[in-house]
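> Predicted model and sequence follow; I will ask about them next.
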Amino acid sequence: MIRLFLSVDMVGSTQFKARFSGQGSQGWLDVFQAFFCNFPLILAGQVGFEFIDDERTPSIDIWKAMGDEVIFAAEPQSAEEAASILRALLRAMALYESRYFERIPLRLKGTAWLVAFGEQNIELDIAELAAGDGARHIDYIGPDVDLGFRLSKYARPSSLVVSLDLLEQLLGARNADALAFHLVGRDELKGVMFGRPYPIIWASDAEAGFDFLPWEVEECPLVAAAAHAPASEPERLRAAIADMRLYLRKMHGVDRAPLTLGG
């Protein structure tokens, strides 16, 4: 079983809440309640629009909400389906910002990654947290689940940071040209790839591109790298994937086979 996880988080939320210091939650609570209530609805609408001509519309379920972040889980049956889900997510983020954040200093950033469940990554059915109507409470644990939370550190507004496993699937999709990918740097992720710097890849809607604000470009080298450069060539991205796979095999004896969606 392979699942696609999607994290959407608020940028600037700590500073925003600090503006209301001394007032408790008055002033900011409505903004956050609206996000957790309305963003999933907007995402569902964009997913429905993206798959309106398809026989199957994938289900995008909320896994958990924590802090200023909501995490969704899906089970795409093909690379094309995964690419369409990401495009719908990017549109939902942009639409939500335009409706709810136009006059407040908040933005949305996203992370997307794949997890294959089996030996290394497992699903836990936690009976004590099950709903009263009998619905199960499923949690997910494993190194590939953790990878997404490590990557989320490098998420920036108006884009998605994606894992290499997901990128590899997307590059092979027939609708891959709906997304643009930028290799913006490399950095060490705790507990990932034995300390070898991990490629930081951002995805954007190929038609809309990035929507960075001027000060975001000025203040963040990664944003500046993406804003001032064309999308990375597929050959360069595939080479980054191949390099990491070679490193794991030669230096650590680890064979990491490509994932296969819908297999």
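That came through fine. Residues are numbered from 1 along each chain as shown.
> List the residue ranges of this protein that fall below the pLDDT cut-off.
20-27, 126-136, 263 (pLDDT under 70).
> Quickly note the distance from residue 17 to residue 209.
31 Å (C-beta to C-beta, to the nearest Å). The C-beta positions use only the backbone N, C-alpha and C, and glycine is treated the same way.
> for residue 240, what are its contacts?
By C-beta atoms under 8 Å, 6 or more residues apart in numbering, residue 240 lies in contact with 164, 183, 199, 201.
> Using TSV, lay out those together with neighbour count.
Listed next are the contacts of residue 240 as TSV, based on neighbours: other C-beta atoms under 10 Å:
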residue	neighbour count
164	22
183	20
199	23
201	25
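> Helices of the chain, start to end?
Assigned by DSSP state H, the helices in the chain fall at 13-18, 29-50, 79-100, 143-151, 164-171, 214-219, 221-227, 234-252.
> What lies in contact with the first one?
If I follow you right, that is helix 13-18. So helix 13-18 is in contact with 28, 31-32, 68, 104-106, going by C-beta under 8 Å, 6+ apart.
> quick check, nearest of those to residue 256?
Nearest to residue 256 among the contacts of helix 13-18, counting by C-beta to C-beta, is residue 68 at 32.4 Å.
> In contact with the closest one, which residues?
If you count contacts by C-beta under 8 Å, 6+ apart, then residue 68 has 9-10, 13, 32, 35 around it.
> will you turn these into a markdown table that also has distance to residue 89 and neighbour count?
Shown next, in a markdown table, are those (distance: C-beta to C-beta, whole Å; neighbours: other C-beta atoms under 10 Å):
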| residue | distance to residue 89 | neighbour count |
| --- | --- | --- |
| 9 | 13 | 18 |
| 10 | 15 | 21 |
| 13 | 19 | 19 |
| 32 | 20 | 17 |
| 35 | 15 | 22 |
